[in-house]
Structure formats: C-alpha cells, structure tokens
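Chemist: I would like the atomic coordinates for the input below:
(one chain, ligands or ions: 1)
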Amino acid sequence: MRRFEGQVVVITGSATGIGEATALRFAAEGARVACLDVNEAENDATAAAARTEGVEAMALACDVRSRSDQRAAFDEVTAAWGRIDVLVAGAGIYAGGPLPEIPPDRWDDIVAVNLTGVLVSNGLAAPVMIAQGRGSIVNVSSMAAKTSWPYSAEYSATKSGVIGITRSAAMELGPHGVTVNAVCAGNTLTAMVRKVAAEIGPTVGMTGDEWLEMRAGDTALNRLAQPEEIAGVVTFLASDDARYLTGQAIEVDGGLILS
Ligand SMILES: NC(=O)c1ccc[n+]([C@@H]2O[C@H](COP(=O)([O-])OP(=O)(O)OC[C@H]3O[C@@H](n4cnc5c(N)ncnc54)[C@H](O)[C@@H]3O)[C@@H](O)[C@H]2O)c1
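Modeler: The predicted model follows:
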C-alpha cells in the first residue's frame, strides 16, 4: 500500500535538490505532484521523472516571490485535481556575508523567497485544507535557525522566521485537522550547500570541500545528508503516522545539534 495513493501534493522548489527528491518520493508513494519552481527546465525534468512512477505530475513555472504566480499555480492545481492534501514549502536561496556589507536588495530578495514565499504558499493552501477538514503543511527551515555561524544573518533570520510561521499556522489550522511542521535540515549535499561552502570556506581559510568535510565532522553520523534523507522525514510528517504531530521544527541534522 502506497501511503499517498491519489493524494495531491504541492511542492515549491521542486526543480533540484531536496525539493526534487521530495517530489520523487511522494510520487513513488502514489501521490499526484504539482511541482512549482522558477527553474523551468529542471522542474519539467522533475515532473517527467515523477510520471515514471505511474502518477500524474504537473510542472508549473512559479516564482514564489510573486503572489500572483503562486495564486495562479495553486488555482491550476485545484482546478485540475480539486484538492491539496500536502504542501511542501521548500523553495529557498542562500545569502551570507559580513553584517556591514549586506546589500539592501540582497536582504529584500532572501526575505522575499525564504519568508514571504513560505507565508504566501501557506496562506494559499490553508483555505483549501480547511474546506477539506484535513491536510499537512511541511515548511523547509534549516539548522541555521537552531544553530548558526558567522556571516549568515540573512539566511538564519529567514529560516528562523519559517519556524515562527510554522508554529502560528499550526495553532491557526490545527482545529481544522491540518498539521503544520518544519524540517530543520542540516547540511545536505545539493547545489546550494556546495555554493555555500565555496563562499564560506575561504572566509575561514578553507576550500569549499574542506569546509564541507569540517561540517560533516561536526555531526554524530560523521557525514552530510543526502536529499533523499530529508525527503523521507518530509513524507513522514505528511503521513498519517504523524497526524498528532504539529507545530514542530524537526532537526534532521545527523546529530549536529549535539556538538
Ligand atoms: N542543502 C542544505 O544544506 C540545506 C540545509 C538546510 C535547509 N535547506 C533548505 O532546503 C531547501 C532546498 O534547498 P536545496 O539545498 O535543495 O537547494 P537547491 O538550490 O537545489 O533547491 C532550491 C530550489 O528552490 C528553487 N527556487 C529558488 N528561488 C526560487 C523562487 N524565487 N521561486 C521558486 N523556486 C525557487 C530553485 O530553483 C531550486 O529548485 C531550501 O529552502 C534551503 O534553504 C538546504
């Protein structure tokens, strides 16, 4: 029995990395997946790969910074499939640097993607799930919200804000049978983390690869995560096994928090 047979799952940031792995995991478990991303070529490829699991999948061009883009995409999903059982708000970007050098437009952009994007998608899923009397929202936060490192104020601030949205939404939607949780991913081997490593490594006298090796050594498991390992927790949070779990920011960090 596939856990999400016939369910409708909307995923933002589905073109690559954690979002892509999540879309494919839901598809493998029987869900119809709506993939929302700005990277149209990679997003089309995600949807095509999802279809090979024998489910319907749509790739929708959507910049989460744009409320009208998101509204149009959600409208398309409900028009086609009539419901939304799961929302995974995963679209995100990284920015970091010394505090005095944070350009205002870079701050505005990371807030628009990581924070406003999540707020808007939660707000669009909410009325659909309230009307259904059930649903699950999983927002993708980061261990940057639970721990931190220098030169990461922008990213840490937005990912902390995602936890704030998650907690409040859990209280607002709980009475309607809707759970809302966040995953705080540790360093996960995606294009994003390699870019982060290449930027941060040199600020502490390391190459990007050396920085990633150091981060791996900071975990109890002594390695970084694979995107599929984050996707596994996302699907658990959206599953019936997690019906009584809400308002939590789950650390999927290989034991990073212990050090
Ligand atoms: N990789 C890590 O170590 C790590 C750790 C903690 C949290 N995260 C979070 O996980 C999520 C996925 O990151 P990833 O590591 O898979 O990186 P990634 O760059 O592979 O994935 C990010 C996805 O978001 C999409 N995206 C970016 N801006 C967008 C926009 N304006 N509108 C729509 N889509 C947009 C990208 O096209 C891409 O598909 C992000 O929210 C990230 O902050 C990643």
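Chemist: shaky segments in this structure?
Modeler: When the per-residue scores of the chain are filtered using pLDDT under 70, the ranges that remain are 259.
Chemist: do a quick rundown of the strands in it.
Modeler: Secondary structure of the chain (DSSP state E): strands located at 8-12, 32-37, 57-61, 86-89, 135-142, 178-185, 249-252.
Chemist: OK, contacts around Ser14?
Modeler: The neighbours of Ser14, taking Cβ atoms under 8 Å, 6 or more residues apart in numbering as the test, are Glu20, Thr22, Ala23, Val33, Cys35, Leu36, Asp37, Asn43, Thr46, Ala47, Ala59, Gly90. Quick note: C-beta positions are derived from backbone N, CA and C, even for glycine.
Chemist: what comes up buried for the longest helix along the chain?
Modeler: In the chain, with assignment by DSSP state H, the single longest helix is helix 153-173. Of the residues in helix 153-173, 153-163, 165-167, 169-170, 173 count as buried by neighbour count, 16 or more other Cβ atoms under 10 Å.
Chemist: hang on, the earlier thing: any chance of the strands of the chain in JSON lines, plus mean neighbour count and distance to Ala198?
Modeler: Listed next are the strands of the chain as JSON lines, based on neighbours: other Cβ atoms under 10 Å; distance: least, Cβ to Cβ, whole Å:
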{"stretch": "strand 8-12", "mean neighbour count": "30", "distance to Ala198": "25"}
{"stretch": "strand 32-37", "mean neighbour count": "29", "distance to Ala198": "23"}
{"stretch": "strand 57-61", "mean neighbour count": "20", "distance to Ala198": "28"}
{"stretch": "strand 86-89", "mean neighbour count": "30", "distance to Ala198": "26"}
{"stretch": "strand 135-142", "mean neighbour count": "28", "distance to Ala198": "18"}
{"stretch": "strand 178-185", "mean neighbour count": "27", "distance to Ala198": "19"}
{"stretch": "strand 249-252", "mean neighbour count": "20", "distance to Ala198": "23"}
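Chemist: who wins for proximity to Thr78 among those strands?
Modeler: Of all those, strand 8-12 sits nearest to Thr78, with 8.5 Å by Cβ to Cβ.
Chemist: what is the closest one packed up against?
Modeler: Using 3 or more Cβ pairs under 8 Å, 6 or more residues apart in numbering; DSSP states H and E as the contact test, the elements touching strand 8-12 are helix 17-28, strand 32-37, helix 67-81, strand 86-89, helix 117-132.
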